[in-house]
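Trainee: structure of the sequence below:
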Amino acid sequence: MPTVVHQAPTVVHQAPVVHHAPIVHAPVIQYQGHIPSPEDARRLLNLLVAIQEGEADIEVCRQRLCSIPDFSLDAAFQIFDYDGDGVISAKEVGLFLKENNSKHSADVDCDDLVDYFDSNGDKTL
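Mentor: I've put the predicted structure just below:
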């Protein structure tokens, strides 16, 4: 009868492998052959961060609205549609914001807001 020899498993200890992240060089922002100054690049970065934060705020508001069982989008639209013509203009957005004590009610802000969401270029929502 053959003899069976039981051996304990061999444990090999290895030094931990350290993976170094590759060196990534920041891309050079260039527009029509012009490389912006560090100040312009900083302003662009600040703008992008502000846009990101604004979109995060909008998403929080959207989620809040979705959690209200009796929320009516039509009723909300009618609150903004002061003249009842079925569309919302920048002027109507401004009126709503001013009536609700918003600090962001400048005409240019309202124009920009409507332009951003205007899907057909008629300057209304």
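Trainee: pull the helix or strand with minimum mean pLDDT from the chain.
Mentor: When each helix and strand of the chain is scored by mean pLDDT, DSSP states H and E, helix 38-66 comes last, with a mean of 82.
Trainee: helix or strand right after that helix?
Mentor: Downstream of helix 38-66, the next assigned helix or strand under DSSP states H and E is helix 73-80.
Trainee: contacting residues around that next one?
Mentor: For helix 73-80, the surrounding residues in contact (CB atoms under 8 Å, 6 or more residues apart in numbering) are 84, 88, 92-93, 96. Bear in mind the C-beta positions are built from the backbone N, C-alpha and C, glycine included.
Trainee: any stretches of the protein with poor pLDDT?
Mentor: When residues are selected by pLDDT under 70, those of the chain lie in 1-32, 104-105.
Trainee: domains of it?
Mentor: 36-71, 72-125 (automatic domain parsing).
Trainee: possible to save those domains as a markdown table with mean neighbour count?
Mentor: Listed next are the domains of the chain as a markdown table, based on neighbours: other CB atoms under 10 Å:
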| stretch | mean neighbour count |
| --- | --- |
| domain 36-71 | 10 |
| domain 72-125 | 13 |
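Trainee: which strands and helices sit next to the helix or strand encompassing Asp112?
Mentor: In the assignment (DSSP H and E), Asp112 maps to helix 107-117. For helix 107-117, the packing partners by 3 or more CB pairs under 8 Å, 6 or more residues apart in numbering; DSSP states H and E come out as helix 90-99.
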